[in-house]
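S.K.: Model the structure of this input:
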Amino acid sequence: MVLELEKPKSDSIWDDYVPIIKDRDKYTVYLTEQIDMPANYNKLIHLLNNAKSHEIVDLVINNGGGIIDSGFMIINAIHTSDAFVTAKLSGTVASVATIIALACDTLIAEPNLSFMIHNYSASIGHQKGHELKAYQNFTDKELNKTFREVYKDFLTEEEMTDVIDGKDIWLNTEEVQTRWTNKEAQQ
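M.R.: Numbers count the residues shown, from 1 in each chain. All right, here's what the predicted structure looks like:
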């Protein structure tokens, strides 16, 4: 006989993988854990999909990145949300977390920011050779196309090519804020 212990229940919002705090018409969302499986973002996606135009969503991002599919789900919800979405960046913001930040309506780069952009990384499970090749070709083509769309007017064409070729780009607070301002001016 196996005795299963019931997990202690917590009423604390801070125990959620993605804490969401509401104060009147403003939501503060903490993306401070690695971007993980899409199911961890269901509440956030629901919030963004159902937010009203007078509501504000602040995404507090201090995150080293993670699963790109979850990032795409989040940025798609940001793009279609009626709320005004702000990225508040501090600490390290890297990889897919940068893509989420750049999808927002505005961006605030806090002091001591380390913002890192790199090309995708992936691992492929146990598949037949032709499946691996087809998946790699598709992924490389689609992610590089998306990369160029996301970082357009934030990185130069030369920087985008360098990153696709394997170079990492590190930016500090001032560099991120200046590039964001320039990106907004282009739109």
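
S.K.: Only C-alpha atoms from now on, for both contacts and neighbour counts.
M.R.: OK.

S.K.: Tell me which stretches of this structure form helices.
M.R.: 42-50, 68-80, 96-103, 129-150, 157-164, 173-186 (DSSP state H).

S.K.: Looking at those helices, which is nearest to Y27?
M.R.: When the helices of the chain are compared by Cα to Cα, helix 42-50 sits nearest Y27, at 8.9 Å.

S.K.: how far away is H118 from E184?
M.R.: 22 Å (Cα to Cα, to the nearest Å).

S.K.: For these two, indicate the residue with more neighbours.
M.R.: Taking other Cα atoms under 10 Å, H118 and E184 do not tie; H118 has more neighbours (20 against 12).

S.K.: so where's this structure shaky on pLDDT?
M.R.: 1-11 (pLDDT under 70).

S.K.: Tell me which of the helices of the chain sits most buried.
M.R.: Scoring the helices of the chain by mean neighbour count under mean count of other Cα atoms under 10 Å gives helix 96-103 as the most buried, with a mean of 24.

S.K.: what residues does that helix touch?
M.R.: Helix 96-103 is contacted from outside by 35, 61, 63-68, 71-72, 74-75, 78-79, 87, 89, 107, 115-117, 150-151, using Cα atoms under 8 Å, 6 or more residues apart in numbering.

S.K.: Just the C-alphas of it, formatted as PDB.
M.R.: These are the backbone C-alpha positions of helix 96-103, laid out as PDB (Å, rounded to 0.1, in the frame of the first residue of the first chain):
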ATOM      1  CA  VAL A  96      13.000  34.300 -25.500                       C
ATOM      2  CA  ALA A  97      12.400  36.800 -22.700                       C
ATOM      3  CA  THR A  98      13.800  39.500 -25.000                       C
ATOM      4  CA  ILE A  99      11.200  38.600 -27.600                       C
ATOM      5  CA  ILE A 100       8.500  38.900 -25.100                       C
ATOM      6  CA  ALA A 101       9.800  42.300 -24.000                       C
ATOM      7  CA  LEU A 102      10.000  43.600 -27.500                       C
ATOM      8  CA  ALA A 103       6.300  42.600 -28.200                       C
END
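
S.K.: Off-centre distance for it?
M.R.: 4 Å (Cα atoms, centre = their mean, to the nearest Å).

S.K.: re the thing from before, adding distance to L31, write the helices of the chain out as a markdown table.
M.R.: As requested, those are exported to a markdown table (distance: least, Cα to Cα, whole Å):
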| stretch | distance to L31 |
| --- | --- |
| helix 42-50 | 10 |
| helix 68-80 | 11 |
| helix 96-103 | 9 |
| helix 129-150 | 19 |
| helix 157-164 | 24 |
| helix 173-186 | 18 |
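
S.K.: between these, which one is nearest to I20?
M.R.: Comparing the helices of the chain by Cα to Cα, helix 42-50 comes nearest, at 7.6 Å.

S.K.: Who are the packing partners of the closest one?
M.R.: helix 68-80 (3 or more Cα pairs under 8 Å, 6 or more residues apart in numbering; DSSP states H and E).
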